[in-house]
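**Student:** Only the shape, not the letters, is given here:
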């Protein structure tokens, strides 16, 4: 079966990183947790993808959605660097 570029939950919408993280209605509950933790910054794709403070929260979002589990399995949380 050929992979589709479209979101399985949002008819006619391409499943881009932006759509998955910020727009897909399937993941509203998980996104709410992300926003509750990170505040307004949770709506910034560049913040989510580049700020080390966002990484553990984004990893939890990815794991709780289950969207990438079949491909990558459970994504491990980043380790804190030793002091």
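**Tutor:** It's in. Quantities reported herein were computed from a predicted structural model and do not represent experimental measurements.
**Student:** Buried residues of the helix or strand bottoming out on mean pLDDT in the chain, list them for me.
**Tutor:** Every helix and strand of the chain was ranked by mean pLDDT, DSSP states H and E. The lowest is helix 69-72, at a mean of 90. The neighbour-count check on helix 69-72 (16 or more other Cβ atoms under 10 Å) flags nothing as buried. From N, CA and C alone the C-beta is placed, and that goes for glycine too.
**Student:** list the contacts for residue 18?
**Tutor:** Contact analysis of residue 18 by Cβ atoms under 8 Å, 6 or more residues apart in numbering lists residue 45.
**Student:** pretty sure it is in a helix, no?
**Tutor:** Yes. Under DSSP: H, G, I helix; E, B strand; the rest coil, residue 18 falls within a helix.
**Student:** separation between it and residue 10?
**Tutor:** 12 Å (Cβ to Cβ, to the nearest Å).
**Student:** Check residue 54 too.
**Tutor:** Residue 54 is 24 Å from residue 10, where distance means Cβ to Cβ.
**Student:** Between the two, which has more neighbouring residues?
**Tutor:** It is residue 54, of residue 54 and residue 10, that has more neighbours when counted by other Cβ atoms under 10 Å, with 20 against 14.
**Student:** ok, the closest residue to that one other than its chain neighbours - how many residues close by?
**Tutor:** Closest residue to residue 54 apart from its sequence neighbours, by Cβ to Cβ, 6 or more residues apart in numbering: residue 48 at 5.0 Å. Applying other Cβ under 10 Å, we find 20 residues neighbouring residue 48.
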